[in-house]
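1. give me the fold of what follows.
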Amino acid sequence: MSVNKLYKTVLFSLSLIILFFLSANISYQIIFRGEMVSIPDLVGQTKEEAEQALAKKRLFLVQKGEQFHDLWPEGQIILQDPSPGSKIRVYRKVRVVLSLGSEKVIVPKLIGKNYQSVHVDLSESSLRKGKISHAHTARYAAGRIIAQHPQAGEWTGRNSQVSFLVSLGEREKQYLMPDLIGKRAHRVMDQFKEMDFRVEDLRYTYYPGLEAGIIIKQFPPQGFRIQKRNLITMEVSK
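-> Numbers count the residues shown, from 1 in each chain. The predicted structure is shown next:
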């Protein structure tokens, strides 16, 4: 057999083999690409669960959006296209819409908590800080929440504001500043210290014709309302 004839024989055989595989592949595509399957009900499933269910049917999942929904929790499927039970060819796409959760949320109980740290609770509930007011009370320490609006357990819109009434602590007692002019400084100092008043600025100055240790000036002045935390100053003769 000549080399040329052998070459033609081998080439013909290879052509037959290639043609066979092409025909087999085309036949496979025709058979399996044309196969119809029933779409499962994906509503209420997570994206991962739905992908696994569709993979068994040789289908693909495509997310086409998200919407708020009062029935289905965040992350679960609320809509699908095509609808459950529909027949489609394998290797096609099924489009779904995921839930963003309810547009309304339950307001948590925040009374008694520290106002400065309450943003964590609000963030977890998809809420924000609103207006803040203050009031004195002996029931709650300063900085603690006395009241809130909306109240705990109420439903409100997502990202709504919650307003607070925050404690300033117990109201301090007020006193009327007495007239100290002409009195002996050491006696006044002893009395103030016994009553826990703050006398932290005592100044001495010469005053003609007046013996040492007598109060010449005072601040706050007589009749002024003071609290024990207020600073009292006096000018005394020397």
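2. just the mean pLDDT for stretch 128-141, thanks.
-> In this model, stretch 128-141 has an average pLDDT of 93.
3. got it, and stretch 38-51?
-> 95.
4. neighbouring contacts of it?
-> Applying C-beta atoms under 8 Å, 6 or more residues apart in numbering, the external contacts of stretch 38-51 come out as 53-54, 57, 59, 61, 63, 72, 75-80, 82-88, 94, 96, 98. For the C-beta atoms, the positions are set from N, CA and C on the backbone; glycine is no exception.
5. swap the cut-off to 7 Å and go again
-> 53, 57, 61, 63, 72, 75-78, 80, 82, 84-88, 94, 96, 98 (C-beta atoms under 7 Å, 6 or more residues apart in numbering).
6. show the end-to-end separation of that stretch, please.
-> Its first and final residues considered, stretch 38-51 spans 15 Å by C-alpha to C-alpha, to the nearest Å.
7. chain center to it, what's the gap?
-> Computed by C-alpha atoms, centre = their mean, to the nearest Å, the chain-centroid distance of stretch 38-51 equals 30 Å.
8. please apply the same query to stretch 135-147.
-> On C-alpha atoms, centre = their mean, the centre of stretch 135-147 falls 23 Å from the chain's centre.
9. do the same with stretch 108-122
-> 11 Å.
10. what ranges in the protein fall below the confidence cut-off?
-> Within the chain, the stretches with pLDDT under 70 are 1-34.
11. next, give phi and psi for the residue nearest the centre of the chain.
-> By C-alpha atoms, centre = their mean, the chain has its centre lying nearest to Ser123, at 1.4 Å. Ser123 adopts backbone torsions of phi -60, psi -40, taken as degrees, to the nearest 10.
12. please apply the same query to Leu42.
-> Dihedral angles for Leu42 - degrees, to the nearest 10 - are phi -100, psi -10.
13. domains of this protein?
-> Domain segmentation of the chain under automatic domain parsing yields 33-102, 104-167, 175-237.
14. quick one, helices of this protein?
-> Along the chain, counting by DSSP state H, helices occupy 3-33, 47-56, 119-124, 185-194.
15. the spatially closest residue to Ala50 that is not a sequence neighbour: how many residues sit nearby?
-> Closest residue to Ala50 apart from its sequence neighbours, by C-beta to C-beta, 6 or more residues apart in numbering: Leu42 at 4.4 Å. The tally of other residues near Leu42 (other C-beta atoms under 10 Å) stands at 23.
16. what's the separation between Leu42 and Asp81?
-> 10 Å (C-beta to C-beta, to the nearest Å).
17. alright, calling it a day.
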